[in-house]
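**Student:** coordinates for the following, if possible.
(2 chains)
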Amino acid sequence: MSRYVLLGLFHEATPTANTIEQLRAVGISDDQVTVMSGMPYRPEMLGRPRHRGRVWRFAIVGALLGAATALFLTVGVWLLYPLVQGGQPITPIPPTLIIAFEVTMLGTMWASFLSMLFENRFPAFKSQLYDPRVTEGHIGVLLEVDEKLADQVEAILKANGAHHFQRVEEKRPLFKPRGGTWQDFKERIAAAIGGPDVGHRKFWLAVLTILVIGGAIGALVPYGVFPISFPTQMENQISIAYEQGPRRAAPAAAVPVQGPVLIAGLPATAPIPANANSLQRGEVLYGVTCIVCHGATGVGNGKLSGFLSPKPADLTSASIQGISDDAIFLVITQGLDAMPSLAENLGVQDRWDVINYVRRLKK
Amino acid sequence: MSERQHDRPIWRHPMPKDEDLAHQIEHEREQHLLLDPRYPLHIDEGVLDPMYRQGRLFWLVCVIVGGLVAAWGATWLVQMFYGLGITGLKRPVMWALYIVNFVYFIGVGHAGTFISAALRVLKVEWRRPISRAAETLTVFALITAAMFPIVHLGRSWKFYWLLPYPNERQIWPSYHSPLLWDLTAILTYLSCSILFAYIALLPDFAMARDHTIGWRHTLYDILSLGWRGTEREWGNQETALNVFSFGIIPVMFSVHTIVSWDFAMTLQPGWHSTVFGPYFVIGALFSGVAAVIMVMAIARKGMRLEYFLRPEHFDGMAKFLLLLSFAWDYFYFNDVLVPWYGQDPVEKTIFALLTGGYVSPIFYLMIFSNVILPAATLWSKRVRTSIPALFVVCLFVQIGMYLERYIIVPVTLGQNYLPFDWGVYTLYLPESLITVGAFALVAFLYLIASRFIPLIPVWEVYEGQVLQGLRRIGRALVKTRAEPD
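**Tutor:** Below you'll find the predicted structure:
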């Protein structure tokens, strides 16, 4: 016994509703009938049971997934790899709330979109029973019946004024959209993944699989599971530690910012020989600029020394006398901890004079 | 007899014999799209036909607008090569026209969703033919806006560093920063706006599929995903549309609030304000609704959609615009009054610049376009239903809202708490070209889309025509509203 598929087109809702009622009287159940229309008629208008979709549920799941993702991005990752910035908490609440809101909404809406496609069995690769007049305002009643009922149903449809009527044996496509090539392609895909009815499920399964596998591979790459050598990986690059030598000379045209002493790490001016003239000048200048802290004898007991921390160095000590003239020059020029830069008080020549005098302070 | 009446399709209702009544019905039909049903095939035709029409004018506009977009691209390349120094950006004004464009286009992108989501939720009948045009404007304006932070990056190609993805450099975006909230919000809003528009487009793509041949048929066949209009499809589509309508409104509010936080979270005088969030949202809706009206007017003329877009729709939108203008006035007054009361020296300087300084022409033009002109004209129904007049008002609103952002960004940024570091921003050629290019990009995308996307949601119009009716009360006919739940 063969089965038939019938499609009748109506102009208006009232005859459609009448037809459906009469079909029910003949013993055709509601789920054997499909109504197609160019606008959303309410089920009550056509006397049909209300369709209970599951899109809402998917939307809620999507919202939860979105919230979880947001919390992972904002809280989870920061707890895993803490990076304190500017004394701020690692996971402050207000920004977390903002991100959580946005990503939750993202999850909700994407989930409802995707579940709408899934629940509607989109994309439909199979050739479906359809009549293009549906988008011209006609209402189509589509049903699948046994041979013995077919004539009776046809009579009901026609009696109610179905102005276009098609009757086909089995599920041979009624409507072949114009433009054959894409259609052929779809049918080939449908055949390849096994029958028209499961087409959309397999499609979404394939999409999901590709996403999961692709995502997994993508996530594994940075953790070195696949040893791909990134050219940017730091251990492969030349690395020079902070202030590691040899120090390169500044470009010839560079303008010294801190004075000549900083060029190439060496004082640009030659030290002045420690003759009597220089020592006398040095003594005077020491008395003016250094004595308040380092004291008259240089042991670090100047009047200001009590207020300083660390204490002024003992210039007579072996450790200070052991450092080079250049180093003392730098200390005077730049200062050191509590010792201020004295470059403004002493010219370059003056500094060498003071250094000569400091050398004489040796015990 | 009455039985037969129900059998008749809505587009074939007979005129009553009573002449007076027939006359009134005739009048109502002229006024209201939803009371003027036609054979749906003709409605389909009215939407699909203009998509085939590519006259000489169309191509001319395409070439001009496309050229401007290309100029944007070339300028951008030059800027990437030589650096941001070729623009007018200099200390202290490091945010200028690019950020103005960003805020402006995000703002324009607000109306579309609001119209289709909020008016859908509130069941406002005149939204039906407008929603598609508004949604597409949202998508294109958002795409344009989203490009501007990237244009503003000196090294645009490092953009992806903002995204949270596991990487071997161990760079992870800091969610403490409003800029990252911005990125998240815009990605949410843009992607969901596209999906929202697409869900509503499915039945129309199916309609286009059924009435086209050749490559277009193939295209719409793919895009419609096999839509047949079964009860299940309509039911799930409606649920999804409801989720989107209720979901996207708070997202829309959040997007422009977060844009305003990019400013308000700083300590810059003139920006550090608590009213900035709602003030920006209202400003966005204000400029957005005006932009939608302009797009409607252009589409109506250019694509001969006079049947669909009638004065009643412009009337409704214009009322909405007037309301938003008042709301904007209120927020702007708040934003000015409170700092004025505080008499902070820097804020005082900014205020003096606006009212009497070098920015005063811009300031007074803004006040004229945003406050005086809408309030002076839009109360009149004649202006609201006259499309050219309304177009001019909306153009002024666009100018006013653009200037408002200009005042907020580079003008305010010129004055900070360190008076030695004050400065004035001047416009250079690169950013001017890129700005012109941005407007051109929106127009260009719209031109292309208008030939591919049914700009009128046919199924919504058709639904409205089926549901709406006339009822006689005494001697007069009144429209009955019907939107079943």
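**Student:** residues contacting residue B:235?
**Tutor:** Residue B:235 makes contact with A:40, A:43, A:50-51, A:53, according to Cβ atoms under 8 Å, 6 or more residues apart in numbering or on different chains. To be clear about C-beta, it is placed using only N, CA and C from the backbone, and glycine gets the same treatment.
**Student:** check contacts around the residue in the stretch 1-150 of chain B positioned nearest to chain A.
**Tutor:** The nearest approach of the stretch 1-150 of chain B to chain A comes at residue B:40, 3.3 Å away (Cβ to the nearest Cβ). Going by Cβ under 8 Å, 6+ apart, residue B:40 touches A:38, A:135-137, B:11, B:458, B:462.
**Student:** helix, strand, or coil at the residue in chain A that chain B sits nearest to?
**Tutor:** At 2.7 Å from chain B, residue A:124 is the closest residue in chain A, using Cβ to the nearest Cβ. Assigned state for residue A:124: coil (three-state reduction, DSSP: H, G, I helix; E, B strand; the rest coil).
**Student:** isn't residue A:124 right next to residue A:200, touching?
**Tutor:** Yes - Residue A:124 is within contact range of residue A:200, at 6.5 Å (criterion: Cβ atoms under 8 Å).
**Student:** could you find the closest non-adjacent residue to the closest residue to chain A within chain B?
**Tutor:** Closest to chain A within chain B is residue B:226: 2.7 Å, counting by Cβ to the nearest Cβ. Sequence neighbours aside, residue A:124 is the residue nearest to residue B:226 in space, at 2.7 Å (criterion: Cβ to Cβ, 6 or more residues apart in numbering or on different chains).
**Student:** just residue B:250 next, same as before
**Tutor:** Computed as Cβ to Cβ, 6+ apart, the closest residue to residue B:250 that is not its neighbour in sequence is residue A:105, at 7.1 Å.
**Student:** number of residues surrounding the one you found?
**Tutor:** 24 (other Cβ atoms under 10 Å in any protein chain shown).
**Student:** ranges for the helices of the stretch 201-350 of chain B?
**Tutor:** Listed in chain order, the helices found in the stretch 201-350 of chain B under DSSP state H, counting those that start in this stretch are B:214-224, B:231-264, B:276-302, B:311-342, B:345-356.
**Student:** for chain A, that is, sorry about that
**Tutor:** Assigned by DSSP state H, chain A shows helices spanning A:13-26, A:43-46, A:55-71, A:77-80, A:93-119, A:147-159, A:180-192, A:199-220, A:276-289, A:291-294, A:318-322, A:325-334, A:348-360.
**Student:** contacts only, for the residue lying closest to residue A:82 once chain neighbours are set aside.
**Tutor:** Counting by Cβ to Cβ, 6+ apart, residue A:82 lies nearest to residue A:90, which is 5.3 Å off, once chain neighbours are set aside. Residues counted as contacts of residue A:90 (Cβ under 8 Å, 6+ apart) are A:78-79, A:82-84.
**Student:** same deal with residue A:102?
**Tutor:** Per Cβ under 8 Å, 6+ apart, neighbours of residue A:102: A:70, B:181, B:184-185, B:188, B:251, B:254.
**Student:** ok, residue A:291 next?
**Tutor:** Going by Cβ under 8 Å, 6+ apart, residue A:291 touches residue A:302.
**Student:** type out the PyMOL command that picks the buried ones from the contacts of residue B:235.
**Tutor:** Buried residues within those, by 16 or more other Cβ atoms under 10 Å in any protein chain shown, are selected in PyMOL with:
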select buried, chain A and resi 40+51+53
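**Student:** of the contacts of residue B:235, list those near chain B.
**Tutor:** For chain B, the contacts drawn from the contacts of residue B:235 by Cβ under 8 Å from any Cβ of the partner chain are A:40, A:43, A:50-51, A:53.
**Student:** okay, these in CSV with pLDDT next?
**Tutor:** Rendered in CSV, the data for the ones next to chain B among the contacts of residue B:235 read as follows (pLDDT from 0 to 100):
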residue, pLDDT
A:40, 89
A:43, 87
A:50, 83
A:51, 78
A:53, 82
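**Student:** can these go into a markdown table with extra columns for distance to residue B:152?
**Tutor:** What follows is these, written out as a markdown table (distance: Cβ to Cβ, whole Å):
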| residue | distance to residue B:152 |
| --- | --- |
| A:40 | 44 |
| A:43 | 52 |
| A:50 | 51 |
| A:51 | 48 |
| A:53 | 44 |
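**Student:** please narrow the residues you listed to those residing in strands.
**Tutor:** Among the ones next to chain B among the contacts of residue B:235, no member is found in strands (DSSP state E).
**Student:** next structured bit after the helix or strand bottoming out on mean pLDDT in chain B?
**Tutor:** One helix or strand of chain B scores below all others by mean pLDDT, DSSP states H and E: helix B:2-7, with a mean of 50. The helix or strand immediately downstream of helix B:2-7 is helix B:19-31, counting by DSSP states H and E.
**Student:** now do that following helix against helix B:311-342, angle only.
**Tutor:** 50 degrees (axes from the mean of the first three to the mean of the last three Cα atoms, to 10 degrees).
**Student:** so where is the chain shaky, pLDDT-wise?
**Tutor:** You didn't say which chain, so I picked chain A. A:1, A:125-127, A:169-199, A:222-224, A:226-237, A:250, A:253-270, A:363 (pLDDT under 70).
**Student:** wait, chain B was what I had in mind.
**Tutor:** In chain B, residues with pLDDT under 70: B:1-8, B:166-170, B:481-485.
**Student:** thank you, goodbye.
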